[in-house]
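S.K.: from the sequence below, what's the structure:
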Amino acid sequence: ILGRINYPVPAGRRDGLVSSFNEVTQNLPSPRLTADQLIQNFARKGLSADEMATLSGAHSIGRSRCSSFSDRLYNYKETCAQDPTLDRNYVANLKATCRANGGSDPTVAMDPAMPNRLDNTYYAELKAGRGLLAWM
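M.R.: The predicted model follows:
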């Protein structure tokens with residue numbers, strides 16, 4: 001539906017019969033992990049750094065709440081500045097979107113160029129300083 005990549009995916013979990021909040025929080029990486037921490041997190045699951053980078057491309061169709069990345073817009077590492085790796089125009093757009101909802105926590109597309117298409121523009125956007133989550 002979202003792009004040119006199509007393959008069948010069986011429905012349902014194969015790793016257990018119960019979903020637990022604690023299992024999720026212990027196994028899914030935080031949006032605030034550094035690149036080294038992400039590599040270690042994926043390595044614990046038997047995945048390489050290359051596989052981690054490939055899987056990150058799935059964020060091409062994802063969304064994130066402003067609260068997951070707002071520290072990169074306002075209080076980057078306690079300096080009250082924006083993250084210098086982010087494109088300034090992108091930051092301005094993110095600030096406008098996040099502030100415009102009067103206290104709610106809106107979502108923003110992970111891939112600002114093609115948010116509803118599974119493709120490789122997510123990687124180009126990252127290289128151009130338009131990636132929501134930190135990879136430092």
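S.K.: what's the helix or strand for residue 108?
M.R.: Counting by DSSP states H and E, the element that carries residue 108 is strand 107-109.
S.K.: other SSEs contacting that strand?
M.R.: In terms of contacts (3 or more C-beta pairs under 8 Å, 6 or more residues apart in numbering; DSSP states H and E), strand 107-109 is packed against strand 63-65, helix 88-99. In short, each C-beta sits where N, CA and C put it, glycine included.
S.K.: report the next helix or strand after that strand in sequence order.
M.R.: helix 121-127.
S.K.: parallel or antiparallel, list what pairs with the strand holding residue 108.
M.R.: strand 63-65 (antiparallel) (DSSP bridges).
S.K.: rewinding a little: could you dump the helices and strands packed on strand 107-109 to JSON lines with distance to residue 40?
M.R.: As requested, the helices and strands packed on strand 107-109 are arranged in JSON lines below (distance: least, C-beta to C-beta, whole Å):
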{"stretch": "strand 63-65", "distance to residue 40": "22"}
{"stretch": "helix 88-99", "distance to residue 40": "28"}
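S.K.: what's the closest of those to residue 106?
M.R.: Among those, the nearest to residue 106 by C-beta to C-beta is helix 88-99 (6.2 Å).
S.K.: so for that closest one, mean pLDDT?
M.R.: Helix 88-99 shows an average pLDDT of 89 in the prediction.
S.K.: what helices or strands is that helix leaning on?
M.R.: Against helix 88-99 (3+ C-beta pairs under 8 Å, 6+ apart) you get strand 107-109.
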